[in-house]
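[1] here is my input; please provide its structure:
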Amino acid sequence: METGQRLVSANGITQAVRVAGPPDGAPVLLIHGNCSSAAFWEPLVRRLPATLRVVAPDLRGYGLTDTVGVDATRGLSDFADDVAALLDDPSLFPSGARPVVVGHSLGGGVAMRLLVEHPDRVGALLLAAPVSPYGYGGTRDLTGTPTTPDFAGTGGGTGNRDFVKRLAAGDRGVDAPTSPRAVLRATYVADPASLGDDEELLLDSLLSTATGDDNYPGTAVASANWPGTAPGRRGVLNALSPAYFRVADELVAVAGKPPITWIHGDADVIVSDTAMMDLAHLGSLGVLPGWPGEAACPAQPMVGQTRAVLERYAAAGGSYREVLLPGCGHSPHLERPAEFVAELLRLTDPAS
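    Predicted coordinates for the structure are as follows:
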């Protein structure tokens, strides 16, 4: 039995990896989301059976993993390559292991990319409040049609500057709505009480995010289209832009098609058809001036897009299960842990 964190050299960088459970246990790979780290999974890991082999890396630029720049033009492939290299480490997984891959938010996109590029290494996917297969922002319909040719309103220029400043400064206060703690309470969960005694741990995780042009939020370029910013070529928010991350067709075409479970809450304000980080939706609310209107710049139907792509995946020979949790926000594993664990165990032991 092993529990703890280790440093692993994989894909040319040093990655911090949390490990729990016996080496021969049913393998589970946990991929965290943006502005967090593997520590964000700790409340879940405590609830999992000790028989599982759980591996949870800090992605590059988060936690204790090397702060290596993100090439946004590769979408989320930099992250997926780092994670894929861990699958070949015999000290983490037995040879040929095909873990259940659990991805939260950005990590859901990394999990999709991992499946597309390494379909023989994934046993199943559990997507928790995942980014849309068409990226974040800048698309208008269920097939991911770009709102503008340059994907204006997505990428590094969409990050809140005061939040980034406070994140870089390690601000632990509650004096502003853009403080990391306030953002954690208001957007990561529907009810701050669900953070419980883990709030400081989760805030530490959020504050471990590397900031700057090469990491979070990334670079931006000026745009003639509203709201005046378009994605650059470096950093995390650009890697999430539909300019570079558009995995829908590849996901539908993937060989083997392991089962996918999609679990999300109906009170999520980060990944939603009316997401509060989608500048088009903020424009429609009057928060951002100059919005050109619904016809020109509608909010991205993120949930509808994910459902449409998973339906295509099933029609092409795969299978998926949607679990919608009433009253749950962006972190189902924190807010509804019993249901989350049940869905994970359903995938680790399909016969149960």
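[2] surely residue 297 meets residue 282?
    No: between residue 297 and residue 282 there is no contact under Cβ atoms under 8 Å: 10.7 Å. C-beta here means a position set from N, CA and C on the backbone, and glycine is covered the same way.
[3] pick out whichever of the two has more residues nearby.
    Higher neighbour count among residue 297 and residue 282: residue 297, with 23 against 19, using other Cβ atoms under 10 Å.
[4] wait, what's in contact with residue 201?
    Residues near residue 201 by Cβ atoms under 8 Å, 6 or more residues apart in numbering: 39, 42, 43.
[5] hey, where'd the helices end up in the stretch 201-350 of the chain?
    With DSSP state H, counting those that start in this stretch, the ranges of helices along the stretch 201-350 of the chain come out as 236-239, 248-253, 279-284, 302-315, 332-335, 337-348.
[6] quick one: contacts of the fifth one?
    Under the contact criterion Cβ under 8 Å, 6+ apart, helix 332-335 has outside partners 41, 43-44, 104, 128-129, 188-191, 194-195, 198, 202, 263-265, 325, 328-329, 339-340.
[7] dump the C-alpha coordinates for stretch 241-251 into CSV.
    Written as CSV, here are the backbone C-alpha positions of stretch 241-251 (Å, rounded to 0.1, in the frame of the first residue of the first chain):
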residue,chain,number,x,y,z
SER,A,241,-9.6,28.4,-27.0
PRO,A,242,-11.5,26.8,-29.9
ALA,A,243,-8.8,28.3,-32.1
TYR,A,244,-6.6,25.4,-31.0
PHE,A,245,-8.7,22.9,-29.0
ARG,A,246,-11.4,21.3,-31.1
VAL,A,247,-11.4,17.6,-30.4
ALA,A,248,-15.1,16.7,-31.2
ASP,A,249,-14.6,15.0,-34.6
GLU,A,250,-11.5,13.1,-33.4
LEU,A,251,-13.3,11.9,-30.3
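[8] okay, buried residues for it please.
    Buried residues in stretch 241-251, counted by 16 or more other Cβ atoms under 10 Å: 241, 242, 243, 244, 245, 246, 247, 248, 251.
[9] cool, and stretch 215-232?
    Buried residues in stretch 215-232 (16+ other Cβ under 10 Å): 215-220, 223, 225-227, 229-232.
[10] is it true that residue 5 lies in a strand?
    Yes: under DSSP: H, G, I helix; E, B strand; the rest coil, residue 5 sits within a strand.
[11] so what's the residue count around it?
    Neighbour number of residue 5 under other Cβ under 10 Å is 15.
[12] show me the shaky parts of the stretch 151-300 of the chain.
    The model of the stretch 151-300 of the chain has no residue with pLDDT under 70.
[13] and what of the stretch 1-150 of the chain?
    1-2.
[14] how about the strands of the stretch 151-300 of the chain, start to end?
    211-212, 216-217, 220-222, 229-231, 260-265 (DSSP state E, counting those that start in this stretch).
[15] export the contacts of residue 201 to JSON lines and tack on neighbour count, distance to residue 122 and secondary structure?
    Output for the contacts of residue 201, formatted as JSON lines (neighbours: other Cβ atoms under 10 Å; distance: Cβ to Cβ, whole Å; DSSP: H, G, I helix; E, B strand; the rest coil):
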{"residue": "39", "neighbour count": "25", "distance to residue 122": "24", "secondary structure": "helix"}
{"residue": "42", "neighbour count": "16", "distance to residue 122": "24", "secondary structure": "helix"}
{"residue": "43", "neighbour count": "19", "distance to residue 122": "24", "secondary structure": "helix"}
